[in-house]
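A.B. asks: Give me a model of this one.
(2 chains)
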Amino acid sequence: MERGSSAYRRDVLRAAVAVGGAAGLSACLDLGGGSSVPTGPEDLSTLPGRQHAWNDRVRHDEHGNTMLPEHQTLLYLDLDGAPDADARGTVEAALRTLDRAYARDHEGLLHSMAYSPAYFGRHYEASLPADLGLPEPRPLSPFEEPEFDTQDAMLHLASDNPDVLLAAEAALTGERSTLNGVDVGAALTDVFAVADRRTGFVGAGLPASKQEGLEGVPTDGPVPEASPLFMGFKAGFAANQATEEYVTLDSGPFAGGTTKHVANIRQRLADWYGEQSFDERVMEMFSPAHAEQGLVEGVGENLGADSGIDEFVDDIEAHAREFGRVGHAQKAARANRDADGNVRLLRRHFESADDNVASLHFPSLQRDVSEFEAVREAMNGSDVPAMTPAVRQRVNNGILEYIFVKHRGNWLVPPRSLRALPTPTGEAPGL
Amino acid sequence: MKRRDYLAGVGAVGAAGLAGCTGLIETRSVVTAPPVLEDRPDAVYFPTHVEGMSMAGMGKSEGGEYAFGLMYSYPHRFWNVNGRSVSRTDVEDGDDVHLMATVWDPETGTVLPEAGVSVEISRDGDLVSQEVIYPMLSQPMGFHYGANFGLDGDGEYTVTVSVGGVSTRRTGAFEGRFADPASADLAFDYARSARDEIAYENTPDRAGSAAAVDPMEMEMMPDSVAPAEGDLPGDVLGTTTTGDAVFVVGRLPSPPAGVDAGEDASYLYASARTPYNRMVIPAMAVEATLARDGEAVFEGGLVRTLDPEIGYHYGAAVPGVESGDELALRVPTPPQVARHEGYETAFLEMPPAEVTL
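C.D. replies: Take a look at the predicted model:
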């Protein structure tokens, strides 16, 4: 690949977020990657009260499915001191810098700050509201031993422009005094230490461009160019996603906020692509009926805004017996609808090549983390091997054979008014 | 060779089945197995070649609920079974070893079939591979979990063997055990030259005959041999075969703890094992009809169950089992375990079998 070619430039930009820091940013800027992005509003009251209000600020495909920003970073943060008024002011100033520096959209910057149950437990005597569904993270399958993310806070940054992401991060970590022409009010690292930094990407073309030499993806480059994800299919169809309204806490001190589960899941796709035909992958990702009826073409663009999975959730036992396989979406959907048929989870997952290993960052928003836990339990399909020995704990049981959960964390995404070091009772004294 | 060679860390061991054989044992720098026989019986047969294996490591999970053993040999072909279909997995470019993990209960030495086992291989902190490995049957080793893996040359690897909580019904002293996942890190010092010293023998004279390679003798690691008839608890009432699998049928006066049943129920069990080697055959669906004087007194599935005394078996609470009862066994789904050569044509076509108890 020639230096200066558009393919070269694209690859460097993609790599830059993973590299991060000044080196990543300068790689972006050297290539003319300095995006011209509008600044944010002067009057911050025009911004939404919900930090997780992203859906009307991102692109949508022709079917109305949301297309998440292509580049994303998760900053895991530990407080250096006490969450007092000064620290609170610093956090708020750092986040207001982001608000002012970039338009709140996919070309600018989307962000949300979240806090762990461990944060509330470590720093306050008062308890979180009893009815807030924010447990400590725990293993959610009988075959996983993840590390638990119990850092104090997590900042999720997302943009289609890698240089925006990197510049924002540089401002947050005290490496810049201005950001997109806006004075940096404070660095987040004045009160937090960055405990972990995880990056990723999503969108057609990105996984295919990242697959070469990546641990977990076969060397023959099987990920289709059109796929937004490594496994070769679209996901998060609009009809199979909760609305932002639905996942928003509607009462209590954190009304307007939501809960967020974030898993990091290693992917091992040698057998997914090497041992299975396309139809078998469709069976395991969606349902055997999807393959039998030819419902999925290519990456599933033809599914439009609905994977059609609801039609097959009651067929799991019959499919297990007839096909010796059950589908991932089919199993999970069993628990992902409320009594009125509404979808309970809003999934916002994206891929990662951190440490040169293919993995998936899996943030899910819901009113109560127990809803996520129920869907994960349904996805485990632990009831299926009893129906037939052809379906085992992790083999022929959806996609469980190919995914290994490495991290789990639970977070509260408070409303924007409480995003700076909130107390368990929903206050931000001193601000 | 004897088992103590493993303990002495000699590295390469022969399959015990070779003892007394006159075949040539060669050092292999390139392993090219003979082609699969063209005319294989629908039964257990002696394979075209016999490979030894070497111990890579052993360990226990934190807390000691599970013990793990890891063996390796040359990468080799095996056959996956999904439902009724059998597909051959050939050695691929880059495969260096066939890894075989065994998981057992350190208290009783019972090998745990039907657990979900995965292996993560790393070297100096870098990921080399990670896979869910498949349950497999081999003649010298019996039931284990295995796959071919590529490595990054000679060196010291860490192999993390993980087991999922067992979902098979557990009874007796096993009730409530093996419910949680666990893992152990095993150090694996790999050298190509040591691998190539593992015994390997082509066996053209015996290949295809109705026989099996003898089980390995292992002192440190239990094997998955099913209890001899005389060692099964309760009353052994009869034996039948289908698809070359042997079913020993027995009765307990009452079901073991962990089986839901009425007060007057007896317990009917079928212990399935390979011919010749008596290795446990797990993971099939078994249905039974128990008839007395021409009338069914029980009809239903026999549940896959792990019991410390019966071993892994298929069992159900029944209203009573009497001498003279007719038992019909059906196998709607054959054993869902991958097969090393010599087992891939057996235990597949399994027509109904009957036995008078």
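
A.B. asks: Once you drop chain neighbours, what's closest to the closest residue to chain B within chain A?
C.D. replies: Proximity of chain A to chain B (Cβ to the nearest Cβ) peaks at A:Phe143, 3.0 Å away. For the C-beta atoms, the positions are set from N, CA and C on the backbone; glycine is no exception. Using Cβ to Cβ, 6 or more residues apart in numbering or on different chains and skipping residues adjacent in sequence, the residue nearest A:Phe143 is B:Gly164, 3.0 Å away.

A.B. asks: A:Asn380 is in contact with the one you found, correct?
C.D. replies: No. B:Gly164 lies out of contact with A:Asn380 (Cβ atoms under 8 Å); the separation is 9.8 Å.

A.B. asks: who has more neighbours, those two?
C.D. replies: Between B:Gly164 and A:Asn380, counted using other Cβ atoms under 10 Å in any protein chain shown, B:Gly164 has the larger neighbour count: 26 against 23.

A.B. asks: coming back round to it: ok now do the residue nearest to A:Phe143, which residues does it touch?
C.D. replies: A:141-143, A:393-394, B:115-117, B:181 (Cβ atoms under 8 Å, 6 or more residues apart in numbering or on different chains).

A.B. asks: Would you mind confirming that A:Asn180 is in contact with A:Asp163?
C.D. replies: No. Contact criterion Cβ under 8 Å: A:Asn180 and A:Asp163 do not qualify, at 10.1 Å.

A.B. asks: would you list every one of the helices in the chain?
C.D. replies: Unless you meant another one, I'm taking chain A. A:6-19, A:21-30, A:85-101, A:117-123, A:162-172, A:206-210, A:244-247, A:270-274, A:278-285, A:288-292, A:316-323, A:328-333, A:369-380 (DSSP state H).

A.B. asks: wait, I meant chain B there
C.D. replies: Under DSSP H, chain B gives helices at B:4-7, B:192-195.

A.B. asks: Least confident of the ones you listed, on average?
C.D. replies: Lowest mean pLDDT within the helices of chain B: helix B:4-7, at a mean of 30.

A.B. asks: Which positions in stretch A:48-65 come out as buried?
C.D. replies: A:50-55, A:57-58, A:65 (16 or more other Cβ atoms under 10 Å in any protein chain shown).

A.B. asks: What's the local residue count around residue 314?
C.D. replies: The chain I'm using is chain A. Neighbours around A:Asp314, by other Cβ under 10 Å: 10.

A.B. asks: my question was about chain B
C.D. replies: Neighbours of B:Tyr314 (other Cβ under 10 Å): 26.

A.B. asks: for B:Ile310, same thing?
C.D. replies: 26.

A.B. asks: hmm, back to that, what is in contact with B:Gly164 and A:Asn380 at once?
C.D. replies: A:141-142.

A.B. asks: The stretch 251-400 of chain A against chain B: which residues are in contact?
C.D. replies: A:266, A:268, A:270-271, A:275, A:323-325, A:355, A:357, A:382, A:385-386, A:388-390, A:392-396, A:400 (Cβ under 8 Å from any Cβ of the partner chain).

A.B. asks: Strands along the stretch 201-350 of chain A, start to end?
C.D. replies: A:258-267, A:346-347, A:350-352 (DSSP state E, counting those that start in this stretch).

A.B. asks: Sorry, wrong one. I was asking about the stretch 151-300 of chain B.
C.D. replies: Along the stretch 151-300 of chain B, the stretches classed as strands by DSSP E, counting those that start in this stretch are B:155-163, B:169-170, B:182-190, B:200-202, B:235-242, B:245-252, B:266-273, B:285-292, B:295-307.

A.B. asks: I'd guessed B:Val50 sits against B:Val213; true?
C.D. replies: Yes. Counting by Cβ under 8 Å, B:Val213 is a contact partner of B:Val50 at 5.4 Å.

A.B. asks: now stretch B:161-181, how far from the centre of its chain.
C.D. replies: 17 Å (Cα atoms, centre = their mean, to the nearest Å).

A.B. asks: Can you get me the start-to-end distance on that stretch?
C.D. replies: 11 Å (Cα to Cα, to the nearest Å).

A.B. asks: can you tell me the average pLDDT over that stretch?
C.D. replies: 96.

A.B. asks: Equivalent analysis for stretch A:130-139, please.
C.D. replies: Stretch A:130-139 comes out at a mean pLDDT of 98.

A.B. asks: Quick check: end-to-end length of that stretch?
C.D. replies: End to end - Cα to Cα - stretch A:130-139 spans 22 Å.

A.B. asks: Can you give me the buried ones in that stretch?
C.D. replies: So, applying 16+ other Cβ under 10 Å, buried residues of stretch A:130-139: A:132-134, A:137, A:139.

A.B. asks: Give me the contacts around that stretch.
C.D. replies: A:117-118, A:128, A:145-146, A:148-150, A:249, A:252, A:254, A:259, A:261, A:367-371, A:408-412, B:181.

A.B. asks: Check the offset of that stretch from the chain's centre.
C.D. replies: With Cα atoms, centre = their mean, you get 19 Å for stretch A:130-139.

A.B. asks: near chain A, which residues of the stretch 51-200 of chain B?
C.D. replies: Counting by Cβ under 8 Å from any Cβ, the stretch 51-200 of chain B sits next to chain A at B:80, B:82-83, B:89, B:114-116, B:118, B:120, B:127, B:129-132, B:134-135, B:162-165, B:167, B:179-183.
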